[in-house]
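*Asks:* sequence first, predicted coordinates after that:
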Amino acid sequence: MGKDGKNKKLTVDKEGVEEGGSDDPDAVEHAYREMALKDLSGSTVDACITAEARLRHMQRDKQVYADAWPELIVSVLLHLCAQIYQYVILILFTAAKIERIYFPYQPHMLYHSTSSLMKALNYHNQTLANPAAYALCAMNRSFPWIHRMMMCVWITKMIPEISNCLWRMYKMWISDPIPNHDAHSSDQRILNEGYTYQEHTKKSLGDYLKDEKKKFCKIQAKKCPWWEKDKVQQAWKDRILLVDANGLGRKTSDKIWKGKSKDDKDYIQEIFPVKVILTEQEEAHEIGEFSVVWVMFCSVFVLVPNLLIILHIAYEGARLISVTGDLGRLVKTAIKLKFLNSIPEILFDGYGCQNLKDYLDSTTYKVRIVKDEDDIWNKWLSTVTKLVVAAVGGVIIYTLGFHHVYLYRKLCDQFYDEFPTANCLSLDCTGMRVW
């Protein structure tokens, strides 16, 4: 169970790991859920949001105290620059490509083309159709169900961006604050230069590792009292390394170390002596609280603008997909259009300092939850919800959101059914090929 070091007294279990207890039998026990920053997209966003926690961490270290405020300012400016670049490129891309393609499909532009097609159908005269209507209809080489499918693909690609931004808002505004914690890195050290076979016969290597695990967990629980028991034990599993006499790494769970293996004794003697190494542990940072001023600043200048840009990208992408009639271009558009969302990551990779990258790689957002909570969302509900939203959203956005484009393409299909020869406008089909 997690610990915050304030309203819980600590007890030591049989494994030597400190756990939180409570004097109140009716108190609600809590656990913690973590989300690693390296798993979230938009690195400059998290670099800016975590700047305050990084400032506090650096101010506690005399060696980097002077760099604390400059790091905060640079982290904020880096994201603001990325946000400005992203918005400018989005506007330029929209003006240069999307608006040019979408212009003929605007409702007021489709009015005359629709009227001419309707007149041709009503009078059964193909020549009454406007040449511009021919051109627009000829560009539609796809089917409505393909447009809906590509719209579903686009929504599926945008859902993580929107949900991550909303989750960050939830973390800053709604979730219960938890004290921030920082764990310093630990150097690699050798626990045993070579555990010999003779030592193994007297006290199995498994029992030796069990004793070392107890010592490690007890020390680690004192160094990081806010860690849960499972996290302390996982740290042991991640850091312990066994190297046999042949230079091969071995698993600590191997039955050989328990002295109960049925393998050949000669083979067991060959793998000893075994070197026991406790590998290096990287620094770890857990962010659980933000000041009110920082929450308001990030909301106004980071989270809300980021959400608006993501929604704008989603809308422009939907517009481009709705008016793209060529089947090959339609598939490429739905797959490649997300490059606009990668601009903050590109700038972070190119301009972010190494210290900032190392900090974000070792940082997690921490959220308090009820310990016995049945987390259905992270089991199957999230997957079902995303699939339903993508499927229903793709149909609704194309059929209703761009209803005028949908109706015009249906009218084109009716026109081609009525006049099959109009479906081929090339010189080969019309017999007017120039030699």
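*Replies:* Here it is on my side, so go on. Numbers count the residues shown, from 1 in each chain.

*Asks:* please count neighbours and contacts with C-alpha atoms only from this point.
*Replies:* Fine.

*Asks:* so how far is Glu280 from Val274?
*Replies:* Using CA to CA, to the nearest Å, Val274 is found at 19 Å from Glu280.

*Asks:* who has more neighbours out of these two?
*Replies:* Taking other CA atoms under 10 Å, Val274 and Glu280 do not tie; Val274 has more neighbours (24 against 14).

*Asks:* which residue packs closest to that one, ignoring adjacent ones?
*Replies:* Asp244 (4.4 Å; CA to CA, 6 or more residues apart in numbering).

*Asks:* need the contact list for that neighbour.
*Replies:* In this structure, Asp244 makes contact with Arg250, Ile271, Phe272, Pro273, Val274, Lys275, judged by CA atoms under 8 Å, 6 or more residues apart in numbering.

*Asks:* list only buried entries from those residues.
*Replies:* Ile271, Phe272, Pro273, Val274, Lys275 (16 or more other CA atoms under 10 Å).

*Asks:* same list (those) but as a markdown table, adding distance to Glu418 and pLDDT.
*Replies:* Output for the buried ones among the contacts of Asp244, formatted as a markdown table (distance: CA to CA, whole Å; pLDDT from 0 to 100):
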| residue | distance to Glu418 | pLDDT |
| --- | --- | --- |
| Ile271 | 83 | 86 |
| Phe272 | 86 | 88 |
| Pro273 | 87 | 90 |
| Val274 | 84 | 89 |
| Lys275 | 83 | 91 |
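
*Asks:* just give me the closest of the residues you listed to Lys213.
*Replies:* Among the buried ones among the contacts of Asp244, Lys275 lies closest to Lys213 (CA to CA), at 15.5 Å.

*Asks:* ok but that closest one is inside a strand, no?
*Replies:* Yes. According to DSSP: H, G, I helix; E, B strand; the rest coil, Lys275 belongs to a strand.

*Asks:* gap between it and Thr201?
*Replies:* From Lys275 to Thr201 the distance is 16 Å (CA to CA).

*Asks:* next, count neighbours for the closest residue in space to Gly393 that isn't next to it in sequence.
*Replies:* Nearest residue to Gly393 in three dimensions, chain neighbours excluded: Cys152, at 6.8 Å (CA to CA, 6+ apart). Neighbour count for Cys152, taken as other CA under 10 Å: 26.

*Asks:* count the neighbours of Lys371 for me.
*Replies:* Lys371 has 14 neighbouring residues, counting by other CA under 10 Å.

*Asks:* what about it, distance to Ser382?
*Replies:* Noted for Lys371: a distance of 20 Å to Ser382, by CA to CA.

*Asks:* so what's His108 up against?
*Replies:* Counting by CA under 8 Å, 6+ apart, His108 makes contact with nothing.

*Asks:* for it, helix, strand, or coil?
*Replies:* His108 is classified as helix under three-state DSSP.

*Asks:* where do the strands sit along the stretch 301-435 of the chain?
*Replies:* Applying DSSP state E, counting those that start in this stretch to the stretch 301-435 of the chain gives strands spanning 363-370.

*Asks:* chain neighbours aside, what residue packs nearest to Pro344?
*Replies:* Ala82 (5.1 Å).

*Asks:* might one say that that neighbour is in contact with Ser43?
*Replies:* No. If you go by CA atoms under 8 Å, Ala82 and Ser43 don't touch, sitting 10.2 Å apart.

*Asks:* the two: which is more packed in?
*Replies:* Neighbour tally, Ala82 and Ser43, criterion other CA under 10 Å: the higher count belongs to Ser43, 24 against 20.

*Asks:* hmm, Ser342 and the more buried one touching each other?
*Replies:* No. Checked against CA under 8 Å, the pair Ser43 and Ser342 is beyond contact range at 9.5 Å.

*Asks:* tell me the domain ranges of the chain?
*Replies:* Per automatic domain parsing, the structural domains of the chain span 40-180+288-430, 183-283.

*Asks:* how about those, which one is nearest Tyr32?
*Replies:* domain 40-180+288-430 (4.6 Å).

*Asks:* tell me the mean pLDDT over the closest one?
*Replies:* Averaged across domain 40-180+288-430, pLDDT comes to 85.

*Asks:* which residues in the stretch 251-400 of the chain form helices?
*Replies:* Applying DSSP state H, counting those that start in this stretch to the stretch 251-400 of the chain gives helices spanning 265-271, 292-298, 304-323, 327-336, 343-351, 354-361, 382-396.
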